[in-house]
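> sequence first, then the predicted structure, then my questions.
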Amino acid sequence: MGLNFQRQLLGLVTVLIIQTAVTLGENTECLGDDDAAIVERAQENNIDNISGCIDVAYACSRTDSSGDLVRDLCCETCQDVGSDVPENSLPPSDEIVDLYYLGGQSECVGGASVELLEADSGNYPELQDEIDNVWFAGFKSPYTKDRFFVAPMKAGESRSEKFGPEISFGERIQSITGKRVIMVKYCEGGSNVHTQWNPDTTKNSWSKEDDNGTAAFLYDSVDFSSSNHLFINAVYTMRMVAETLAAGQIDFRWAGIIWVQGSADKSEGYPGYPVWEAFGENTARVWNGLISEIGTPVPVIDTGSNGINQLMSGKMYATQLVQGCMAHTVEPPFIAVDDSIATCVPSPSDSCVGTEGVFLNFDIPNFYGYDPLFPEELKPDGSSNETFRWYVSYPDNNHSEYEGMILMGRMLANAFVKEFLSDDVPSEYEDVDIAMKFPLPECEGNTFGTANNFCWHDYRDEETSGSGCPYQPICVDDDNTLAQTATSKGYSDINGCSDAAFACDLDNESGRFVRATCCETCSESGVGRFRKLVRGGMGLSSLFKEIDFS
């Protein structure tokens, strides 16, 4: 990429100051973000990872001239500057809570309209107001290290009038599993895994030897006004939620990672080190860094290749490298790209629809409906007359609008359940799931997708793609934890999991604790769920207060 993103933004700021006649601070009324101006100036300066104001949101809280300019041109994105942070409102402490970390770039941040969602309550009643048994943990926009909060999930609570995939993912995963859920979110628009999320860079590193595992230890090292501290900021976020829950005596476990990222790395390669290989290794490095912070392998569900074959190949490679081999990439076949003839690379600011070698899958909008701004002349004969709010502002801002965002969050949740849990995805969910109804297969042989064959081209060599990384259930007994818990309850005759096998099938707190702690023993009793779940986080051993072996 050449210059890092922060230096690129400063260069963009300089150009904007010179090329525009706008006096900073002159405008007092916000008429909306000027995404086109940001993108145009960025492209003029060969900056290809800015798709709009959503990608420079981290500068909203800056006190220098770059902050002034971003607040002026991106007044809607920056409208939360100076706003109050919601008070913490934690889940009840009577049962364990599942935590899902959500990270990535602009589609993870989310530009979907709360106003449009609320106006469509007839189609999405379950996503209105506060969502039962689902909480949000993260930062009030604009992100700073002191604006953290935990509260019931509600669209627009973290970022005024906007939301991302956390809304529909949280609601869907909770409705299927029946568990209380906290969506832990830290994302940054336009960000790459090569540098900005890389846990090995100087700005994302800290002394592991001196680290005491607290958020306070990282406090002086995090920087939420920088796009080059994303990994350490994410770890700080994870520690903040863990400590907040622990202070509230709420037991929890890390249940999974949701990763929504890709476009910013589409050019991160060079001769002898192709994009797919670099992107795959860099992505896996981030995943493994997050897993290391959690302390045990957890499943990863991933999306974001945006139809780019090199990125899709890299994502598949990353699933081979992730610790624990529990990662799955899910993508809807919106487009197919023939790299042998295509000259346009799809991005949030350019769909490339209508250009040579880029093919739109019309079956998808004909099923759900067309975006209101999609050109009539591009629709095939007999197209659906239904509308569906796919994009914020087609064709210039192709980030997901509220219906497209809801669809993506549900796709990720359904895929997570299908790949990693023993729960069933109800047929009424599968029937309208974009990736299940329109699966994206690998192209056969050395071919590319066409207008009649929507598939992705695998750039991995045969040896790499064939080696695989099959899911291996991590299913072991934790005899020490069980014995210590039993001793604390006064049961001297329970020395390990084999002594507690009788509790595997109990439908109470005792049974749940034993199944989680004695996975191997309980699997012999037919408890299949814990062959697929991985224990993680804090709180399992602290459940002794609920146990009654008698």
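Received the coordinates, thanks.
> quick one, domains of this protein?
Split into domains by automatic domain parsing, the chain comes to 5-73, 97-334+400-446, 479-546.
> can you pull out the helices in the stretch 151-300 of the chain?
166-177, 215-218, 230-247, 275-294 (DSSP state H, counting those that start in this stretch).
> okay, buried residues for the longest one please.
Read it as helix 275-294. 275-291, 293-294 (16 or more other C-beta atoms under 10 Å). Yep, even glycine has a C-beta here, placed from its N, CA and C like the rest.
> just checking, V97 touches G248?
No: using C-beta atoms under 8 Å as the test, V97 is too far from G248 to be in contact (10.3 Å).
> of those two, which one has the most company?
Set side by side, V97 and G248 show more neighbours around V97, with 22 against 13, by other C-beta atoms under 10 Å.
> quick check: which ranges of this protein have low pLDDT?
Applying pLDDT under 70 to the chain flags residues 1-28, 47, 470-475, 507, 523-550.
> can you give me the strands for it?
97-104, 112-113, 134-139, 148-152, 162-163, 181-185, 252-260, 300-303, 327-329, 335-337, 358-360, 391-393, 397-400 (DSSP state E).
> the last one packs against which elements?
Same thing as strand 397-400. helix 106-109, strand 391-393 (3 or more C-beta pairs under 8 Å, 6 or more residues apart in numbering; DSSP states H and E).
> any chance of those in CSV, plus distance to H457?
As requested, these are exported to CSV (distance: least, C-beta to C-beta, whole Å):
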stretch, distance to H457
helix 106-109, 22
strand 391-393, 25
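> compare the ones you listed and give me the one nearest C443.
Across the helices and strands packed on strand 397-400, the minimum distance to C443, taken as C-beta to C-beta, is reached by helix 106-109, at 24.4 Å.
> about what we covered before: for the domains of the chain, which one ends up most surrounded?
Comparing the domains of the chain by mean neighbour count (mean count of other C-beta atoms under 10 Å), domain 97-334+400-446 comes out on top with a mean of 21.
> what about it, distance to the chain center?
2 Å (C-alpha atoms, centre = their mean, to the nearest Å).
> could you tell me the end-to-end distance of it?
Domain 97-334+400-446 has an end-to-end distance of 46 Å (criterion: C-alpha to C-alpha, to the nearest Å).
> try stretch 465-485
45 Å.
> likewise for stretch 64-81?
End-to-end span of stretch 64-81 (C-alpha to C-alpha): 14 Å.
> now stretch 60-77
This stretch, stretch 60-77, spans 8 Å end to end (C-alpha to C-alpha).
> can you start the count at 330 instead of 1 from here on
That works, and once the first residue is 330, the last one we named lands at stretch 389-406.
> show me the contacts for the closest residue to G440 other than its chain neighbours.
The shortest distance from G440 to any non-neighbouring residue, by C-beta to C-beta, 6 or more residues apart in numbering, is to H728 (4.5 Å). If you count contacts by C-beta atoms under 8 Å, 6 or more residues apart in numbering, H728 has them with 380-381, 383, 435-436, 439-440, 677, 720-721.
> adding distance to D753, write the strands of the chain out as CSV.
Output for the strands of the chain, formatted as CSV (distance: least, C-beta to C-beta, whole Å):
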stretch, distance to D753
strand 426-433, 18
strand 441-442, 28
strand 463-468, 20
strand 477-481, 27
strand 491-492, 28
strand 510-514, 18
strand 581-589, 18
strand 629-632, 17
strand 656-658, 17
strand 664-666, 31
strand 687-689, 33
strand 720-722, 32
strand 726-729, 27
